[in-house]
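Undergrad: okay, here's the prediction I keep looking at, along with the sequence it came from:
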Amino acid sequence: MAGHSKWANIKHKKARQDANRGKIFTKIAREIIVAVRQGGSTDPSANVRLRMALAKARAANMPNDNINRAISRAAGSADSDNLEEITYEGYGPGGVAIMLDILTDNRNRTASEIRYIFSRKGGSLGETGCVAWMFKRMGQIFVAKENSALDEEELMLVALEAGAEDVRDVEQGWEIITAPEHFEPVREALEARGVEMVSAEITMLPDTTVDGPPEVMELIEALEEHDDVQNVYTNWNMAGTD
C-alpha cells in the first residue's frame, strides 16, 4: 500500500498543479524572488536556491517570460524584502502531522488565516517543533516505469553512482531518495541519460506514515489554496483515497 500511496500522492499533486496553474506560477515566482534576494545572485550556477526554484518552475511548465520577469523583479526591486519565511506545524484530522512552508508579508494576518483553516477543517495549528521531529529534509525524485529510458538495474546504478541514498520500487515507478546536497548531481545524471522525471524536488519526508480519515485531504487542499502557503508536508499515507 505504501507504493500505491506514494503514486497516488504524485497524481494528486500533478492534478492540483494543472487545475491551479496560475496560482502555482505566482508561488514559484515568489520563491524565485526570495532565492535571488537570499542568494545574492541571478546566476543559477552560483545560487543553489535559485537553481532549485528554476527546476520547480520547469517541472510546472512555467513560461520563460514569467521566470525572467520574476528574476528581473527580484534584481531590481525591494519588494522581496517584505517577504518573511515561516514554518508552521500542526495536526490534521486523526492526528496526522502537517508542516507548512510560508512566505508572507504580514505574519499576523497569515497566522490568523492558517489557524482558521486548520480549525474549520478539523485540525489544529500547533507550537513550533510539535511535528518537525517527524520529518527529514531530503531530495525526492519519481520516475515512471512506463516508457522509462532505463530499466531498474540501470536506473539504480546511475542514481547510486551520482550519490543517491536509495532507489525504491513504488508500483508504477521508482522513488529515488537523496541527501539535499546530492539532489542536483543525481537529477543531472538521470537527465543526461534521458530519464524523464515525473517530479524532482527537495522536500520534507516523514520518518513513518500513518493512516488518517479522508477529511485530511480537505485540509491539505484548503491549505494549498492559501496564497502564502508554498509547500504542504504530511505523514498521511493517503491509503484508500485513490
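TA: That came through, no problem.

Undergrad: assumed residue 199 was part of a strand.
TA: Yes - counting by DSSP: H, G, I helix; E, B strand; the rest coil, residue 199 is part of a strand.

Undergrad: can you tell me which residues contact it?
TA: The contact partners of residue 199, taken as CB atoms under 8 Å, 6 or more residues apart in numbering, are 10, 13, 14, 59, 140, 141, 142. All C-beta spots, glycine's among them, are computed from the backbone N, C-alpha and C.

Undergrad: need the pLDDT of it.
TA: Model confidence at residue 199, expressed as pLDDT, equals 86.

Undergrad: ok so, going back, now the contacts of residue 199: which count as buried?
TA: A residue is treated as buried here by neighbour count (16 or more other CB atoms under 10 Å); on that basis the buried members of these are 10, 13, 59, 140, 141, 142.

Undergrad: where along the protein do the strands fall?
TA: With strands called from DSSP state E, the chain shows them at 84-91, 97-104, 124-125, 135-144, 166-170, 173-178, 197-206, 229-234.

Undergrad: now for those strands, which one comes closest to residue 46?
TA: In terms of CB to CB, the element of these nearest to residue 46 is strand 197-206, at 18.0 Å.

Undergrad: what's the burial count for the residue nearest to residue 160 when sequence neighbours are not counted?
TA: Once its chain neighbours are removed from consideration, residue 160 has its nearest residue in residue 167; the separation is 6.9 Å (CB to CB, 6 or more residues apart in numbering). If you count neighbours by other CB atoms under 10 Å, residue 167 ends up with 20.

Undergrad: for residue 65, same thing?
TA: Residue 65 - counted by other CB under 10 Å - has 8 other residues nearby.

Undergrad: do you know how far it is from residue 25?
TA: Using CB to CB, to the nearest Å, one obtains 11 Å as the distance from residue 65 to residue 25.

Undergrad: with residue 202 instead?
TA: When CB to CB is applied, the distance between residue 202 and residue 25 equals 19 Å.

Undergrad: show the pLDDT at residue 73.
TA: For residue 73, pLDDT reads 82.

Undergrad: can you give me the pLDDT of the closest residue to it other than its chain neighbours?
TA: The shortest distance from residue 73 to any non-neighbouring residue, by CB to CB, 6+ apart, is to residue 33 (6.1 Å). The predicted local distance difference test score for residue 33 is 88.

Undergrad: for residue 39, same thing?
TA: Value for residue 39, per-residue pLDDT: 80.

Undergrad: quick one: it and residue 53 touch, right?
TA: No - shown here, residue 39 and residue 53 do not form a contact pair, counting by CB atoms under 8 Å, at 9.6 Å.

Undergrad: as a markdown table, the strands of the chain with distance to residue 151 would be great.
TA: Formatted as a markdown table, the entries for the strands of the chain read as follows, by distance: least, CB to CB, whole Å:
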| stretch | distance to residue 151 |
| --- | --- |
| strand 84-91 | 39 |
| strand 97-104 | 35 |
| strand 124-125 | 46 |
| strand 135-144 | 11 |
| strand 166-170 | 12 |
| strand 173-178 | 10 |
| strand 197-206 | 16 |
| strand 229-234 | 31 |
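
Undergrad: to residue 223, which of those strands lies closest?
TA: Set against residue 223 and scored by CB to CB, the strands of the chain come closest in strand 229-234, at 5.2 Å.

Undergrad: other SSEs contacting that closest one?
TA: If contacts are counted by 3 or more CB pairs under 8 Å, 6 or more residues apart in numbering; DSSP states H and E, strand 229-234 sits against helix 21-39, strand 97-104, strand 197-206, helix 215-225.

Undergrad: quick check: which of these is buried the most?
TA: The highest mean neighbour count among those, using mean count of other CB atoms under 10 Å, belongs to strand 97-104: a mean of 22.

Undergrad: partners of that strand in the sheet?
TA: Here strand 97-104 is paired, per DSSP bridges, with strand 84-91 (antiparallel), strand 229-234 (antiparallel).
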